[in-house]
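Sequence unavailable; structure follows:
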Ligand code: 2F8
Ligand code: CA
């Protein structure tokens, strides 16, 4: 065995421990100095650099060993905090969506609240008006109660009042009868007054009508115009009694009456618009009349003092005439 190799076997191995931060790259006892050949000997600066590097490495390892657990703890704490925060963020996010939903509900609730508020205001005003009505009704009830007491007092006097009422009713009926009689008397008096007033102006009264016997002869048309001016017409004749009254009052003089024809061959008619019946009126014509003498007799007069008194004559002849005005 070569000597060098023997020395290597005998030399203790290099000792490297990390013992509570006491680091030693050397065995506990420095190795025996050996002579190395210049070829194998390394440069000193390289060794120092190597040692420094090793020291740095070891320092790093030691520092890592010291601080790694703390760092890890910190990281774990941060992770835990981050997880917690994430959970809280999630919770807040969930809460946000819940709040969003709730906001919609709250807005709806607000609208409903407003509607309810309006309704409540309305109900409040109704309650107020009801209170007023109740107060009024209460006052009316009080008034009715007072009146009821009065009515109660009066009810005892009812028989007496009923007797008075019966008497008053009988008296009232009598008064009404008297009033009616008085009104009739007044009407009669008014009629008589009117008759007297008309008679004072020269009119005669017969059968509810007034008759005016003229004093001046006129043609038939002028006579009718005169009657119209007196709110009358040339007289119509509708009964034997009226005919008798007229011919007797005429006293034999010829007098125009209101009977005329529409044209040469026209039908006879009454100028006061009383309907004319030729058949029923035959009894009033003088026998042989109307003969339309000279084909020019289109107006009628009372010519003689007889029930059959009428004659047709020329309308242009001037005769006295009779106006008739309906009574009042
Ligand atoms: O004899 C009847 C006849 O008498 C008169 O004529 C003459 C009458 N004329 C006048 O009254 C104007 C006719 O009408 C009448 O028919
Ligand atoms: Ca005639």
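Received it, and whenever you're ready, just let me know what you need. Remember, predicted model here, so these are calculated numbers, not experimental data. Numbers count the residues shown, from 1 in each chain. Ligands and ions are numbered 1, 2, ... in the order given.

what's residue 250 in contact with, if anything?
By Cβ atoms under 8 Å, 6 or more residues apart in numbering, residue 250 lies in contact with 213, 302, 305, 309, 322. Backbone N, C-alpha and C define where each C-beta goes, glycine included.

Pull out the buried members of these.
Among these, those buried by neighbour count (16 or more other Cβ atoms under 10 Å) are 213, 302, 309, 322.

Would you convert those residues into JSON lines that also reports pLDDT, distance to ligand 1 and secondary structure?
As requested, the buried ones among the contacts of residue 250 are exported to JSON lines (pLDDT from 0 to 100; distance: Cβ to the nearest ligand atom, whole Å; DSSP: H, G, I helix; E, B strand; the rest coil):
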{"residue": "213", "pLDDT": "98", "distance to ligand 1": "19", "secondary structure": "strand"}
{"residue": "302", "pLDDT": "98", "distance to ligand 1": "11", "secondary structure": "strand"}
{"residue": "309", "pLDDT": "98", "distance to ligand 1": "12", "secondary structure": "coil"}
{"residue": "322", "pLDDT": "99", "distance to ligand 1": "16", "secondary structure": "strand"}
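
residue contacts, the residue nearest to residue 302 when sequence neighbours are not counted?
Nearest residue to residue 302, sequence neighbours excluded (Cβ to Cβ, 6 or more residues apart in numbering): residue 309, at 4.6 Å. Counting by Cβ under 8 Å, 6+ apart, residue 309 touches 243, 246, 247, 250, 284, 286, 302, 303.

ok, those residues vs ligand 1, which is closest?
Of all the contacts of residue 309, ligand 1 sits closest to residue 303, with 6.5 Å by Cβ to the nearest ligand atom.

Around ligand 2, which positions in this protein sit nearby?
291, 293, 297, 311, 312 (Cβ under 5 Å from the ion).

just those that are near ligand 1?
Counting by Cβ under 6 Å from any ligand atom, 291, 293, 297, 311, 312 from the residues of the chain next to ligand 2 sit close to ligand 1.

Next, name the residue at the spatial heart of this structure.
Nearest to the geometric centre of the chain sits residue 122, at 20.5 Å (Cα atoms, centre = their mean).

The helix or strand hosting that one packs against which elements?
Element membership for residue 122 (DSSP states H and E) is helix 44-155. Using 3 or more Cβ pairs under 8 Å, 6 or more residues apart in numbering; DSSP states H and E, the elements in contact with helix 44-155 are strand 17-19, strand 22-24.

If any of the ones next to ligand 1 among the residues of the chain next to ligand 2 are buried, give me the ChimeraX selection for them.
Burial among these is assessed by 16+ other Cβ under 10 Å; the matching ChimeraX selection reads:
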select :297,311,312
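
Check the burial of residue 247 by counting its neighbours.
23 (other Cβ atoms under 10 Å).

That one is in contact with residue 302, isn't it?
Yes - under the criterion of Cβ atoms under 8 Å, residue 247 makes contact with residue 302 at 5.4 Å.

Residue 211 looks like it's in a strand, true?
Yes - assessed with DSSP: H, G, I helix; E, B strand; the rest coil, residue 211 lies in a strand.

follow-up on the earlier one: quick check: the two most widely separated of the buried ones among the contacts of residue 250?
Farthest-apart pair in the buried ones among the contacts of residue 250 is 213 and 309; separation 14.6 Å (Cβ to Cβ).

hmm, back to that, helices or strands up against the helix or strand following the helix holding residue 122?
Next along the chain after helix 44-155, taking DSSP H and E as the criterion, comes helix 158-200. In terms of contacts (3+ Cβ pairs under 8 Å, 6+ apart), helix 158-200 is packed against strand 203-206.
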